[in-house]
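J.: Let me see the structure of the following:
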Amino acid sequence: MGEFTMPSLGADMDEGTLVEWLVEPGAPIRRGDPVAVVETAKSTIEVECFESGTMGRPLVEPGTTVPVGTPLALIETAAGTRGKAGSARKPRKEPQGPPAPERTRPAEPAEPVRTREPVASEAPGHGHVEAGPLIRHLAEEGGVDLAALRGSGPGGRVTRADIERAAAAAPTARTPTARAPRARVTPLARRRAAELGVDLSSVAGTGKDAAIRAEDVSRAASGLAGAPSPPPRPTAAVRASRPSEDQAPAMRRAIARLMSRANRDVPHYYLSTTVDMAVPMDWLHDRNRRSPMSERLLPAALLLKAAALAAHEVPELNGFWTDDRFTAGEGVHLGVAVSLRGGGLIAPVLRGADTLEVPALMSALKDLVSRARTGRLRGSEVSGATLTVTNLGDQGVETVFGVVHPPQVALVGFGRVVDRPWAVDGLLGVRPVVTVTLSADHRATDGAVGARYLTAVDRLLQNPEKL
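T.: Coordinates of the predicted model:
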C-alpha cells in the first residue's frame, strides 16, 4: 500500500488545493498517469502518479487546501510494497526533480493485483473465482465474461494472462450489440454534470484518452441554449475549480517570497554581451521560406537551443546549490519563464533541451506556453529545471537582468533582436543584434565561468545549421 501525497511543485510552494480527482477508486493507474488536479499559488496543474497499481481510498476531498507532503489518497501498488506514489520532496532537497514519467506498461506481476476486498464470483463448473478491479477492468475492455473463466492463479484466481488468452481466443466476443466502451469521466465531472443537468454522452472530453473533466462539463453547460438548468450547489470542489479572485495576489505573494529569499541568500553577479544575429537570422529566414507555415521557426527557438547547448558545455552553471555545495544537473532542463494573462509568471520545463532538434524544441515550447496559460501543465513540467531562461524580446525589452531561481545557480536573459550600427572587418553597417545576459550565483561560480558560457552562446549562434 502506497500513499499519493501533495507534491512540491517548486521551491516556493508550501501548500496546494486539491481541485479534482481524475480517477475513481478501484481504477487501474500506470506510472506517469495524471490522477489529480492541484491548484498552487501560480497555476492549476495535473499531477502524475509515479507508481503503477490501483487507485485506493481518497483521503482528501476536492476543494481542500493541505500542506506539501500531506497524503491525498492510498495506492494499491502493483508490487504490493509500501512506497510513496507521489513525490512530496522539495527541489532543494531533491534537485533532480521528479523522475520523468514512463510510458510503457508495467511488467506483469506474478499474481494479479488484489484490493482489500476482492470481489468473488461463482463460475458454473469452475469453482470459486476471484477478480479485483484491475482484472475486471481488463475483462470489460476485452469483452471477456469472467464467470466463464477458469483462473490459472493460486486458488483459482483470474490473472491478466487469463484475460488476454480469453480475448484472443474469442475474437467475436465484441459484437455490434455489445455495450460500447464508456468514456472516462472524472468523479468531479460526474457530480458537476448532475448539478448542471448536462448529458455526459454529449460532452467531448479533453483529458487523457478523451477523459471528460469538470471543465469540459462546464464548457458544455455554458453552450446549452434554451431550457434552464438547476443552479449548481456551492460545493467546495466547484469553488476551487473556478478562477479565484485571490489567485493573482496569492501568486504575487509566492513570487515575492521566493525572490526575496533569492536576493537575500544568493550573492548574484551579472554579465552581458551583444551577439551579432545576422548569420542566424539569414539562416532562419531562408529556412522559413522553404517551410510550411506550421513548421516555421521563431528566433526564440535558436536562442533557447544555444542556451541549452552552452549549458551542456559549461555544466558549472547547470545545476543546484544545496547543502552548501553545487550539484550538477542530470541533463539540461530549461525552465522557460512564461507570463500569464492574469498576471504573474510560471516557468515550465523543457526537459533535455540540449538533445532536441530545433523544430522539436519549437513545437515543445509552443505546447508548454499554451498549456501554461490555460492551466493544463503537469507536475513533472513545473519542477526539476536546471537553468532558467527569460526572453522579453517580444515585449520590446532590449536587456533583461533576472533573479536566480533557487536552488538553481544561473538565469539567462534574452532581449529583442534590433538593428544597430555594427562594424565587421573594419566596415560599418547595420546588423541585427541581441543582448544576452547572465545572472549567476557567486557561491557556485565566478565571472570567468560566466564569461565562458556567454562566449559559447555567441559561438553556437554563429553556426545555426549545427544547432
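
J.: what about the residue nearest to Thr186 when sequence neighbours are not counted, distance to Gly156?
T.: Excluding its sequence neighbours, the residue lying closest to Thr186 (CB to CB, 6 or more residues apart in numbering) is Leu22, at 5.0 Å. (Glycine included, C-beta is placed from N, CA and C.) Remark: distance between Leu22 and Gly156 (CB to CB, to the nearest Å) = 34 Å.

J.: Which pLDDT value goes with Gly223?
T.: Note for Gly223: predicted pLDDT of 66.

J.: And Pro71, by the same measure?
T.: At Pro71, pLDDT is 92.

J.: Can you tell me the closest non-neighbouring residue to it?
T.: Closest to Pro71 by CB to CB, 6+ apart is Glu3, at 4.3 Å.

J.: Where does that neighbour fall, secondary structure wise?
T.: strand 2-5 (DSSP states H and E).

J.: Tell me which other helices or strands that strand touches.
T.: With contacts defined as 3 or more CB pairs under 8 Å, 6 or more residues apart in numbering; DSSP states H and E, strand 2-5 has these neighbours: strand 71-77, strand 83-84.

J.: Flag every buried residue along that strand.
T.: Gly2, Glu3, Phe4, Thr5 (16 or more other CB atoms under 10 Å).

J.: between the residues you listed, which is closest to Val418?
T.: Minimum distance to Val418 across the buried residues of strand 2-5 is 48.0 Å, recorded for Thr5 (CB to CB).

J.: Am I right that Arg57 falls within a strand?
T.: Yes - per DSSP: H, G, I helix; E, B strand; the rest coil, Arg57 lies within a strand segment.

J.: Confirm for me that Gly375 is in contact with Ile45.
T.: Yes - in this structure, Gly375 is within contact of Ile45 by CB atoms under 8 Å, at 7.5 Å.

J.: joint contacts of those two?
T.: Residues touching both Gly375 and Ile45 by CB atoms under 8 Å, 6 or more residues apart in numbering: none at all.

J.: Who has more neighbours out of the two?
T.: Ile45 (31 against 19; other CB atoms under 10 Å).

J.: Assess the claim that that one and Ser383 are in contact.
T.: No - Ile45 lies out of contact with Ser383 (CB under 8 Å); the separation is 9.7 Å.

J.: Can you tell me the element Asp216 falls in?
T.: Element membership of Asp216, judged by DSSP H and E, is helix 214-222.

J.: so what does that helix touch, helix or strand wise?
T.: Using 3+ CB pairs under 8 Å, 6+ apart: helix 214-222 touches helix 187-196, helix 236-241.

J.: Least confident of those, on average?
T.: Across the helices and strands packed on helix 214-222, helix 236-241 gives the lowest mean pLDDT, at a mean of 35.

J.: any idea which helix or strand comes after that one?
T.: helix 247-265.

J.: Settle it for me: which of Leu22 and Gly156 has more neighbours?
T.: A count of neighbours by other CB under 10 Å puts Leu22 above the other of Leu22 and Gly156, at 28 against 15.

J.: Looking at the more buried one now. What's its pLDDT?
T.: Looking at Leu22, its pLDDT stands at 89.

J.: quick one, what contacts it?
T.: Contacts were defined as CB under 8 Å, 6+ apart; by that measure Leu22 touches Pro34, Val35, Ala36, Val37, Glu46, Thr186, Gly207, Lys208, Ala211, Arg213.

J.: tell me the most buried of the helices and strands packed on strand 2-5?
T.: strand 71-77 (a mean of 23; mean count of other CB atoms under 10 Å).

J.: who does that strand pair up with?
T.: Under the criterion DSSP bridges, strand 71-77 sits next to strand 2-5 (antiparallel), strand 53-58 (antiparallel) in its sheet.

J.: Distance to Ala353 added to those strands, as TSV?
T.: Shown next, in TSV, are these (distance: least, CB to CB, whole Å):
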stretch	distance to Ala353
strand 2-5	29
strand 53-58	32
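
J.: Please identify which of the ones you listed is closest to Asp425.
T.: So among the strands paired with strand 71-77, strand 2-5 is nearest, using CB to CB, at 61.2 Å.

J.: quick one: the strands in the stretch 1-150 of the chain?
T.: Here the stretch 1-150 of the chain has its strands, by DSSP state E, counting those that start in this stretch, at 2-5, 15-21, 28-29, 34-39, 44-48, 53-58, 65-67, 71-77, 83-84, 119-123, 127-131.
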